[in-house]
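Undergrad: predicted coordinates and the sequence they were generated for:
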Amino acid sequence: MKRSSLSLLSLLLAAHAFAQWPEPRLTVLSPSGAQAGTSVSILATGTDLEDADLQFSQPGFVAIRDAKNPKIWNVEISKAVTPGLYDARVAGKNGVSNPRRFEVSSLTETEASPKALAKQESQEIRLPGVIHGSVPKQGILWFTIPTVRGQEIVFDCHSKNLDSRMEPALALFDAAGRELARVRNKPLRWTPESDGPLWLSLRDFINNGGNEHFFRLYFGTPEDLKKAQGPATPLFWPPLVKSVLEQEPNDGAKAETVSPPIEIAGDFFPTRDVDAFKFEAKKGDVWWLEVFSERLGIPTHPRLVVERLAVDKEGKQTSQDAVLLDDAPPFAGDADFNGQHFDPSGRFEAKEDGTYRVQIRDINNTIEPSHVRRYQLSIRKPAPDFALVAAVMTPTPNKTFKDFTGAAIQVRSANLRPAQVFPLRVLALRRDGFEGAISVGAENLPPGLTVEPSVIGPKQNEGTLLLRAADSAAPWSGSIRITGTALVGGTERKHVARASTPVWESTVSEFIEPPRSRFMDAMACAIVADAPFVDILLAEREAAEVGAAEKVKFRLKVDHQSGEAAPVKVKIMGLAGLEKAKETEISVKDANAEYELDLAPLKLSPGDYTVWFRGEQKVKREVKGKPADMTLVLCSNSLPIRIKETRKP
């Protein structure tokens, strides 16, 4: 087998020990929201929050630390702040924290009474409004609501969208104690048949509680809540054409006639509803079908079938399955970004001229009829594209859901020290068959912060962007933009990555507490200058152009300046399939350590790729004035590899 040697490899490994240094971690903001145009005192709970400011992702917030209690910030919210969800963080001498959601509404706010633990001690509320607080463990909060006959009331308990651990369960009762309605983790709607008070109970579904089980309970008419809660979170790709509403009846033989390209908005109502749409297609016509439903935050599992319609000799309509779309294309969902969902999508090519019928249903829609079970069906010409998701790479990788066995989820922020190299995961979501390479970079960087060149190779779904802080980098905190550029159909396209983070650290099995992740408003970053890094590894490199079945040799060298003598365990990173790549141990005295990578098992397509090396070294450092055993994580600069086209004989 032919071998290719990459001598004079350029490496710059900087110690990367964000697992042990003091780092702000924000767990709870209490309250987790307020009314626009008011002032509120917010208690921030977490670790290493000293000498810091409370910052929001939207202008219009002024936060001043309380002079008597350093855990409290007095916050003024401008009337101009639009109702909705915003990120709040703590940033100071230890860096920047993970975010916590803070919700702004236009309704009057009231704090939940901790004494309202029985129906006879219920807290009276007036419509419309918001109650905020937390549920006690194994406790139930009670509220009394005056009602008017025929006026629909909606109770909407926000919790998980606020980063709460709570799984809310609501139940509504009349004066005689009869249960009228019960819901879990969704709005409760009720139209009273007579005037008079009703009673509402609120608890955690599995009777957990405490300050991490916080909530915001909205109540009022449907119009009250629509105005108070702000817009929905946008999707990666907006519709290419204007949406139209489905026209009932449209099931089975009554399929609604449509003309693609089209975006259809409908709902799975009533129970076991099947909606059908038919259109004409010529042989060779290609359409891409995609459903948006579970990604809208609705507990649905859509299924899509495309059938060719015909008429038999007796004049009866017949159908033959052409395409079955059940689940979304596979994506490596994990605790950093759960990209897994049940919304189906796929390519359809007409094999002959004729009429084709699309049938859509929700296989979960079997018990309770609800107009909440909405969907958006897209039938469009293939529109190849990509989107990016960026997340902080933790010291030990947050495991994928299928491999998760407990004690694996960490929540970190991008906090660097001078001379440090810091890795960000960049996930590629490919649309409608796009398979090309994506060049990744960053914008809005402060002086002293740069990035290493990075490419997510053809057909690859993940890459790494390495941030590098200069030796002289000054303290700073702010947000940066991660970008990706690619040639799509001969045209250059550039997209900004959405930032993602796990919501809670976890030390238990996913069967007890499933890992959760969410999008952040921005990728926050900080340079912390109180603990500079001195361990640096220097070398040089030459560009590598190799065949997909060849081997690549790397040379590594440790330039040890801190006096540490422990060896460094090194592993190559950056490509799918390297999870089981061998580790090698580098002595600090070895000036020419070698690492060899066999590319053949990776089955890479021709094109550009990027790899890097990750090392671990056990050292002793002073943390908060005391010596501590630490494992430093070392990150090299990025290394380009080009896979050559294979010439056929």
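TA: Happy to help now that I have it. Numbers count the residues shown, from 1 in each chain.
Undergrad: what residues does Ala497 make contact with?
TA: Ala387, Leu388, Val389, Ala390, Val426, Arg481, Ile482, Thr483, Gly484, Met523 (CB atoms under 8 Å, 6 or more residues apart in numbering). Backbone N, C-alpha and C define where each C-beta goes, glycine included.
Undergrad: so the first one sits against Val496, correct?
TA: No: the pair formed by Ala387 and Val496 falls short of the contact definition of CB atoms under 8 Å, at 9.4 Å.
Undergrad: tell me the secondary structure for Leu180?
TA: When the structure is reduced to helix, strand and coil (DSSP: H, G, I helix; E, B strand; the rest coil), Leu180 reads as strand.
Undergrad: what residue ranges in the stretch 301-450 of the chain score low on pLDDT?
TA: For the stretch 301-450 of the chain, the stretches with pLDDT under 70 are 329-333, 399-407.
Undergrad: repeat that for 80
TA: Under the criterion pLDDT under 80, the flagged ranges of the stretch 301-450 of the chain are 313, 315, 326-335, 338-340, 367-372, 396-408.
Undergrad: tell me the SS of the spatially closest residue to Ser194 that is not a sequence neighbour?
TA: Once flanking residues are discounted, Ser194 sits nearest to Arg149: 5.2 Å by CB to CB, 6 or more residues apart in numbering. Under the three-state scheme (three-state DSSP), Arg149 adopts coil.
Undergrad: got it, and Asn98?
TA: Asn98 falls in the coil class when you classify it by three-state DSSP.
Undergrad: tally of neighbours for it?
TA: The number of residues packed near Asn98 is 25, by other CB atoms under 10 Å.
Undergrad: verify the stated contact: it with Val28.
TA: No: distance between Asn98 and Val28: 11.9 Å, which falls outside the contact criterion (CB under 8 Å).
Undergrad: one step back: list the contacts for the residue nearest to Ser194?
TA: Contact analysis of Arg149 by CB under 8 Å, 6+ apart lists Pro192, Glu193, Ser194, Asp195.
Undergrad: my read is the second one is in a strand, agree?
TA: Which is Glu193. No: residue state for Glu193 (three-state DSSP) corresponds to coil; a strand is not indicated.
Undergrad: distance of the residue lying closest to it once chain neighbours are set aside from Trp288?
TA: Taking CB to CB, 6+ apart, and ignoring the residues beside it in sequence, Glu193 has Arg149 as its nearest neighbour in space, at 6.4 Å. Between Arg149 and Trp288 the distance is 50 Å, computed by CB to CB, to the nearest Å.
Undergrad: again with Gln420
TA: 43 Å.
Undergrad: more neighbours: these two, which one.
TA: For Gln420 versus Trp288, neighbours defined as other CB under 10 Å are more numerous around Gln420 (26 against 20).
Undergrad: as a check, name the ranges of all helices in the protein.
TA: Counting by DSSP state H, one finds helices in the chain at the ranges 222-228.
Undergrad: list the contacts for the residue positioned nearest the centre of it?
TA: Relative to the mean C-alpha position of the chain, the nearest C-alpha, by CA atoms, centre = their mean, is the one of Arg518, at 3.5 Å. In this structure, Arg518 makes contact with Asp163, Ser500, Thr501, Val503, judged by CB under 8 Å, 6+ apart.
Undergrad: out of those, which are inside strands?
TA: Counting by DSSP state E, the part of the contacts of Arg518 found in strands is Ser500, Thr501.
Undergrad: what's the closest of the contacts of Arg518 to Ala469?
TA: Of all these, the one with the least separation from Ala469 (CB to CB) is Thr501, at 20.9 Å.
Undergrad: bridge partners for that closest one, pull those for me.
TA: In this structure, Thr501 has beta-bridge partners Arg518, where bridges are defined by DSSP bridges.
Undergrad: how many neighbouring residues does the closest residue to Phe214 other than its chain neighbours have?
TA: With CB to CB, 6+ apart as the measure, Ser134 is the residue that lies nearest to Phe214, at 4.4 Å, once sequence neighbours are left out. The burial metric for Ser134, expressed as a neighbour count using other CB under 10 Å, is 25.
Undergrad: just Lys557 next, same as before
TA: Applying other CB under 10 Å, we find 18 other residues in the vicinity of Lys557.
Undergrad: any idea how far Leu26 is from the residue nearest to Phe214?
TA: Looking at Ser134 against Leu26, where the rule is CB to CB, the gap reads 16 Å.
Undergrad: likewise Asn338?
TA: The value you get for Asn338 to Leu26, if CB to CB is used, is 21 Å.
Undergrad: of the two, who's got more company?
TA: Neighbours were counted for Asn338 and for Leu26 using other CB under 10 Å; Leu26 has more, 24 against 18.
Undergrad: contacting residues around that one?
TA: For Leu26, the contacting residues are Ala44, Thr45, Gly46, Leu49, Ala88, Arg89, Val90, Ser97, Asn98, Pro99, Arg100, by CB under 8 Å, 6+ apart.
Undergrad: of those, buried ones?
TA: Of all the contacts of Leu26 considered here, the ones buried according to neighbour count by 16 or more other CB atoms under 10 Å are Ala44, Gly46, Leu49, Ala88, Arg89, Val90, Ser97, Asn98, Pro99, Arg100.
Undergrad: what's the farthest-apart pair in these?
TA: Leu49 and Pro99 (13.7 Å).
Undergrad: what is the least confident helix or strand in the chain?
TA: Lowest mean confidence among the helices and strands of the chain (mean pLDDT, DSSP states H and E): strand 3-5, at a mean of 38.
Undergrad: would you map the strands across the stretch 101-250 of the chain?
TA: For the stretch 101-250 of the chain, applying DSSP state E, counting those that start in this stretch gives strands covering 109-111, 123-124, 129-134, 141-147, 153-158, 168-173, 179-184, 188-190, 196-204, 214-220, 243-245.
Undergrad: which of the ones you listed sits closest to Lys571?
TA: Smallest distance to Lys571 across these (CB to CB): 40.5 Å, for strand 214-220.
Undergrad: would you indicate which residues of the lengthiest strand in the chain are buried?
TA: Using DSSP E to define each element, the chain has its longest strand at strand 607-623. Counting neighbours by 16+ other CB under 10 Å, one finds that the buried residues in strand 607-623 are 607-617, 619, 621.
Undergrad: with stretch 491-510 instead?
TA: By 16+ other CB under 10 Å, the buried positions in stretch 491-510 come out as 493, 495, 497-506, 510.
Undergrad: kindly report the same for stretch 458-477.
TA: Under 16+ other CB under 10 Å, the buried positions of stretch 458-477 are 458-460, 463-469, 473, 475-477.
Undergrad: and those residues as JSON lines, adding pLDDT?
TA: What follows is the buried residues of stretch 458-477, written out as JSON lines (pLDDT from 0 to 100):
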{"residue": "Pro458", "pLDDT": "96"}
{"residue": "Lys459", "pLDDT": "94"}
{"residue": "Gln460", "pLDDT": "94"}
{"residue": "Gly463", "pLDDT": "95"}
{"residue": "Thr464", "pLDDT": "96"}
{"residue": "Leu465", "pLDDT": "98"}
{"residue": "Leu466", "pLDDT": "96"}
{"residue": "Leu467", "pLDDT": "96"}
{"residue": "Arg468", "pLDDT": "94"}
{"residue": "Ala469", "pLDDT": "93"}
{"residue": "Ala473", "pLDDT": "92"}
{"residue": "Pro475", "pLDDT": "94"}
{"residue": "Trp476", "pLDDT": "96"}
{"residue": "Ser477", "pLDDT": "96"}
